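*Asks:* let's see this in three dimensions:
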Amino acid sequence: MKISRVKAKDYSIIIGKNSIFTLTSEIKSHCPKCKKVAVIIDRKIPKRFLLKIKKNLKRYKIFVFFTSSSEKIKNFNQVSMLINKLLKLNFNRSDLIIGVGGGIIGDMTGFVSSIYKRGINFINLPSTLLAQVDSCIGGKTGVNSKYGKNLIGSFYNPKVVISDTEFLKSLPRREIICGYAEILKHAIIYDKKFFNFLKKNTKNILSLKNKVLTKSINKSCKIKLSFTERDFKEKGLRMKLNFGHTFGHALEIQNKYSNKLNHGEAVLVGMLIATKISKFKNLCSENTHNEILNLYKDSDLIKNVKKYLNKNMILKSIKFMRNDKKKDDDKISFIFLKRIGKTTAPGKHKFKIDQIESLVQRLF
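*Replies:* Residues are numbered from 1 along each chain as shown. I've put the predicted structure just below:
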C-alpha cells in the first residue's frame, strides 16, 4: 500500500490507493476514548467502500446514516435531523463522526461535528477529487441558505483526512473534471512550475493514472495548506483561494444548485471570466490569458458548459453576489491574476454591482 502523508498544523492528510485501511490506527491514535462511531455517507457510494469501513470499525459500535449529496439538502433541516439522531443515541464528545462523500457531505458533517456538544471528534473520508484537493482542507464547514452558499458555518478541523484514490474510480469523467478545476486553480494562483506540469499531464490526471494523480493531489493539498495555515479564518491571504469563485458561486445560485452546472464547472467558468477581466484591466498579459485558454481547449474542460460564458447568463447571475460572504461593505472583492503563480492582493479590487455589470457588458 503506497500512500503519502501531508502534514498540516493540527491534522494529517493521508493520500493514496487503499489508504482507507489506515482508519483503525488513526482512530486509535486520535480518538482513544471512542466507543461509538457515526458514519454519515453518501448513498451513491458503492457498498464495497462501506464494507471496508465497517471492517476497520469492528471494535466500535457503528451507526450508519445514508444521505443524498445535493446542495439542496445541505441546510439546517438536515443538520437538525442528524444532531437529534446523535443525541438520541447519546453520543459523547469522545465518540466520533466520520463523513464519507464529496464536499457537500464533508462540509455538512464537519459543521454537525463542530456544533454537537460544542465539538465532537471528526474524521473526513473525501470520496471525490474535488473534496480531496479542496474542501477537505482548511477547516471550513457549513450549510447553505436561500440567500446563498455556505453562509452558515464554522471553522473546525478534522482529526485526520483520509483520501483513498480508489474512490475516484467509481466517478464519471465530469466529476473528475470538477475536482481538476481546483487543482488547476491552485497552480494558476500559486505555482507556475505546477501549471507547466499540468499542461503535460492533464490527460493522465483525468484518466486517473495513479502516479501523476497522487502527485497532483499531494501538491494541491500543500498549496491550499500554505494559505489556510497562515490565515485559518479567512481574514486576508486565504481569500486568494477565491479566484474564480465569486462568479462561479453566483452562477451556481442562478442555476439553483442544479446538476446542469456543478461546482467545479462553475469554478472553471469563473476563472475564465476573472482572467478575461484581468487581461482587460492590464493586470495580466495576453500571453498569460492565452496560456490558460489553451490548457482549457487542449483538455476540453468546459465544452459542455460554454453557454455559461454567455453575456446574458453572467449578467443574470451577478445579482446573487450581493450576499457573497466575502463582502464587508457595499462593494464585492475580486481576486484577479497578475501572472500564472501570482494574483492581486485581497481587497485590492472591489466593485459595486453596477460596475461589474458594466464590465461584463463590455467584455462579452
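
*Asks:* got the domain ranges for this protein?
*Replies:* 3-170, 174-363 (automatic domain parsing).

*Asks:* how about those in CSV, adding mean neighbour count and mean pLDDT?
*Replies:* Where C-beta positions appear, they are placed from N, C-alpha and C, glycine not excepted. Below are these laid out as CSV (neighbours: other Cβ atoms under 10 Å; pLDDT from 0 to 100):
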stretch, mean neighbour count, mean pLDDT
domain 3-170, 19, 95
domain 174-363, 19, 92
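
*Asks:* helix or strand for Ile15, just tell me which one.
*Replies:* strand 12-16 (DSSP states H and E).

*Asks:* export the helix or strand that that strand is followed by as PDB, just CAs?
*Replies:* Per DSSP H and E, the first helix or strand lying C-terminal to strand 12-16 is helix 23-30. Output of helix 23-30 as PDB, limited to C-alpha atoms (Å, rounded to 0.1, in the frame of the first residue of the first chain):
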ATOM      1  CA  LEU A  23      -8.600   4.200   9.600                       C
ATOM      2  CA  THR A  24      -8.100   1.700  12.500                       C
ATOM      3  CA  SER A  25      -4.800   3.100  13.600                       C
ATOM      4  CA  GLU A  26      -5.800   6.700  13.100                       C
ATOM      5  CA  ILE A  27      -8.900   6.300  15.300                       C
ATOM      6  CA  LYS A  28      -6.800   4.600  18.000                       C
ATOM      7  CA  SER A  29      -4.300   7.400  17.900                       C
ATOM      8  CA  HIS A  30      -6.600  10.400  17.700                       C
END
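
*Asks:* same for helix 23-30, what does it pack against?
*Replies:* Helices and strands touching helix 23-30, by 3 or more Cβ pairs under 8 Å, 6 or more residues apart in numbering; DSSP states H and E, are helix 47-56, strand 121-126, strand 160-164.

*Asks:* so which of the ones you listed comes closest to Leu359?
*Replies:* Judged by Cβ to Cβ, the one of the helices and strands packed on helix 23-30 that comes nearest to Leu359 is strand 121-126, at 35.3 Å.

*Asks:* what angle sits between the closest one and helix 47-56?
*Replies:* 150 degrees (axes from the mean of the first three to the mean of the last three Cα atoms, to 10 degrees).
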